[in-house]
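Student: Give me a 3D structure for the following:
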Amino acid sequence: MQNKSSDKMTNYRWIICGMLFLATTINYMDRQVLSLTWKDFIAPDFHWSDANYGSITAAFSLFYAFISLFSGKFIDWVGTKKGYVIAIFIWSIGACMHALCGWLTMQIEGIDSTDALRALEVGSTAALAVSTTSVLLFMACRVVLAFGESGNFPAAIKVTAEYFPKKDRALATSIFNSGASVGALVAPVSIPFLARAYGWEMAFIIIGALGFLWMFLWIFVYEKPNKNSHVNKAELTYINQDDVETITEEKKEKEEKGISLWRCFCLRHTWSYICGKFFTDGVWWFLLFWAPAYFSEMYGYRSDSAMGATLIFLVYIIVTVVSILVGGYLPKFFIERRGMEAYSGRLRAMFFFALLPVFALLAQPLGQVSAWWPAIVIGLAGAGHQAWSANLYSTVGDMFPKSAIATITGIGTMTGGIASFLINQGAGLFFDYSAARGSDFQALGFEGKEAAYMIVFCYCAVAYLIAWACMKTLVPRYKKVEI
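Tutor: Sure, this is the predicted structure:
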């Protein structure tokens, strides 16, 4: 145990950052189990269409959006230690529940085996009943998953503000936020092979169980900095360097007032953050939920094939490496080297991050050459998002007092969930429509489902520039919110 009075500064804040990274990694692995198993393992059992899958992901997104409005407030109320434990317990239960959907569908529909499920005639009344029942059951599980997962980012952002000074928050956020891409990186080289070896049901159970392990670790690892025996005086001073002109952190936390949801929505700062989330979150969730199906359908590489897993792995290794390198370094360069104020430096860096997704315009054209090119291009777009997202989260800590950070983050998460609902539900319907039209549906030099993907990639390419312009218009220069 560290002595709090030790002269040499401890670095326990990075242990906490590592825990946030692990939680976010598990969070995204739990989301990815469905996207990596539905096309090649689950859809044949239940006769799902793209629209069915789109409806399931949309249900997750819609409920995630709704509950996120309150999850941030809940985290502010109960605190980060209890709040995180409750959140990860609920989402781990929800993740494991997916394994029961097949058995429950067979019980409800009176079918005695998986072979009998698959043997149903496509388009028949029985097949329609099976697909409807299974979709509703999976929706219910996704709702439980969303209920818990909505607490992850409000809690993580609040912990980052507690443990890091402003100048280090973008780097810390980039590191823990990279858990999203690392989770998506580990998932394709593990989940499809678990599904093939043990069944898709066990894939949900094994990945879901990881959350319970993290939960017990968090109980023993986390305390607020001023109460943590592993944080000495030197580190506490470093953490609180932005507050030296006021009073001690402990007293300040007691005196800070909360902020009502109504007041939040009356602030231009809140709407700036909302715009940053609304235009961009749907892009990331589209890439996360549809990339495995894209490589399977467009290029014939199943998620459990070596090539399919390698392509998805390539996407997320690019996302992980590039987002950490530029997401943490560039804002620090503007703030420390160029002497810019934190918010202004962060917004300057975000403009450059908004340019990376423009590469998405090349995904479909370059796919005519090789499937490797769309993987590289999608990886660069995803890296742009993760770098953007890490710094967008950090703007909340720049503009709002700590007592309101989780609430504002929850509002933004709600907005991102609505955007994800729109893009995932819309994509599912759009892909089914374009496939049914075939060569009669043409756009931008492509036809059928390829044209539909091209159109969606066009939105992904410009979304971040639109978001940046809105943010810059609403809050052109730094001004701290006073409660």
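Student: Which strands and helices lie in contact with whichever strand or helix holds Ala451?
Tutor: In this structure, Ala451 sits in helix 449-474 according to DSSP states H and E. When contacts are defined as 3 or more Cβ pairs under 8 Å, 6 or more residues apart in numbering; DSSP states H and E, helix 449-474 sits against helix 268-299, helix 342-355, helix 363-367, helix 372-399, helix 402-437, strand 442-443. All C-beta spots, glycine's among them, are computed from the backbone N, C-alpha and C.
Student: contacting residues around the nearest residue in space to Phe446 that is not next to it in sequence?
Tutor: Nearest-residue entry for Phe446: Met454, 5.0 Å, with adjacent residues in sequence omitted and distances by Cβ to Cβ, 6 or more residues apart in numbering. Remark: with contacts taken as Cβ atoms under 8 Å, 6 or more residues apart in numbering, Met454 is in contact with 364, 443-446.
Student: Any stretches of the stretch 1-150 of the chain with poor pLDDT?
Tutor: Low-confidence segments of the stretch 1-150 of the chain, defined by pLDDT under 70, are located at 1-7.
Student: Helices of that one, start to end?
Tutor: For the stretch 1-150 of the chain, helices defined by DSSP state H, counting those that start in this stretch occupy the ranges 12-37, 43-46, 50-78, 80-97, 101-109, 114-118, 125-149.
Student: Any chance of JSON lines for those helices, columns distance to Ala406?
Tutor: Rendered in JSON lines, the data for the helices of the stretch 1-150 of the chain read as follows (distance: least, Cβ to Cβ, whole Å):
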{"stretch": "helix 12-37", "distance to Ala406": "14"}
{"stretch": "helix 43-46", "distance to Ala406": "38"}
{"stretch": "helix 50-78", "distance to Ala406": "4"}
{"stretch": "helix 80-97", "distance to Ala406": "8"}
{"stretch": "helix 101-109", "distance to Ala406": "32"}
{"stretch": "helix 114-118", "distance to Ala406": "43"}
{"stretch": "helix 125-149", "distance to Ala406": "15"}
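Student: Quick check, Ile56 in contact with Ser35.
Tutor: No. The pair Ile56 / Ser35 is not scored as a contact, 10.0 Å apart, by Cβ atoms under 8 Å.
Student: Looking at the two, which is more packed in?
Tutor: For Ile56 and Ser35, the more surrounded residue by other Cβ atoms under 10 Å is Ile56, and the numbers stand at 26 against 23.
Student: gap between the closest residue to the more buried one other than its chain neighbours and Arg346?
Tutor: Here the nearest residue to Ile56 in space, its sequence neighbours aside, is Phe138; by Cβ to Cβ, 6+ apart that works out to 5.0 Å. Between Phe138 and Arg346 the computed distance is 38 Å (Cβ to Cβ, to the nearest Å).
Student: just Leu474 next, same as before
Tutor: When distances are taken as Cβ to Cβ, Leu474 and Arg346 turn out to be 15 Å apart.
Student: again, but for Asp50
Tutor: To Arg346, Asp50 is 38 Å away according to Cβ to Cβ.
Student: Please apply the same query to Lys449.
Tutor: Distance of Lys449 to Arg346, given as Cβ to Cβ: 38 Å.
Student: Looking at the two, which one has more neighbours?
Tutor: Neighbour tally, Lys449 and Arg346, criterion other Cβ under 10 Å: the higher count belongs to Arg346, 25 against 22.
Student: Go ahead and confirm Gly417 touches Ser71.
Tutor: No. With the criterion set as Cβ under 8 Å, Gly417 and Ser71 do not qualify as a contacting pair; they are 10.5 Å apart.
Student: got any residues that touch both of these two?
Tutor: Going by Cβ under 8 Å, 6+ apart, residues that sit against Gly417 and also against Ser71 are Ser150.
Student: Tell me which of the two has more neighbours.
Tutor: Neighbours were tallied for Gly417 and for Ser71 using other Cβ under 10 Å; the higher tally belongs to Ser71 (31 against 27).
Student: tell me the contacts of the more buried one?
Tutor: With contacts defined as Cβ under 8 Å, 6+ apart, Ser71 is in contact with 87, 150-151, 154, 410, 413.
Student: Go again with 6 Å.
Tutor: When the contact criterion is Cβ atoms under 6 Å, 6 or more residues apart in numbering, the partners of Ser71 are 150-151, 154, 410.
Student: could you list every residue that touches the most centrally placed residue in the chain?
Tutor: The geometric centre of the chain, computed from its C-alpha atoms, lies nearest to Ala180 (Cα atoms, centre = their mean), at 5.8 Å. Residues touching Ala180, when contacts are defined by Cβ under 6 Å, 6+ apart, comprise 24, 28.
Student: low-confidence ranges in the stretch 301-450 of the chain?
Tutor: Under the criterion pLDDT under 70, the flagged ranges of the stretch 301-450 of the chain are 328.
Student: Was I right to think Ile405 contacts Val159?
Tutor: No. The pair formed by Ile405 and Val159 falls short of the contact definition of Cβ atoms under 6 Å, at 9.7 Å.
Student: Have a look at those two and say which one is more surrounded.
Tutor: For Ile405 and Val159, the more surrounded residue by other Cβ under 10 Å is Val159, and the numbers stand at 28 against 25.
Student: ok, that one touching Lys81?
Tutor: No. Counting by Cβ under 6 Å, Val159 does not reach Lys81; the two are 9.2 Å apart.
Student: Can you name the next helix or strand after the strand or helix carrying Ala155?
Tutor: Per DSSP H and E: Ala155 is located in helix 152-163. Using DSSP H and E, the next helix or strand after helix 152-163 towards the C-terminus is helix 166-186.
Student: Restricting to C-alpha, output that next one in CSV.
Tutor: Output in CSV follows, covering the C-alpha atoms of helix 166-186 (Å, rounded to 0.1, in the frame of the first residue of the first chain):
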residue,chain,number,x,y,z
LYS,A,166,-7.8,18.8,-17.9
LYS,A,167,-4.5,18.6,-19.9
ASP,A,168,-4.4,14.8,-19.5
ARG,A,169,-8.1,14.0,-19.9
ALA,A,170,-8.0,13.6,-23.7
LEU,A,171,-5.2,11.1,-23.5
ALA,A,172,-6.9,9.2,-20.6
THR,A,173,-10.2,9.3,-22.5
SER,A,174,-8.5,8.1,-25.7
ILE,A,175,-7.0,5.2,-23.8
PHE,A,176,-10.1,4.0,-22.1
ASN,A,177,-12.2,4.8,-25.2
SER,A,178,-9.9,2.6,-27.3
GLY,A,179,-11.5,-0.2,-25.4
ALA,A,180,-14.3,0.2,-27.8
SER,A,181,-12.0,-0.6,-30.7
VAL,A,182,-10.0,-3.2,-28.8
GLY,A,183,-13.3,-5.0,-27.9
ALA,A,184,-14.2,-4.9,-31.5
LEU,A,185,-10.7,-6.1,-32.3
VAL,A,186,-10.7,-9.1,-30.0
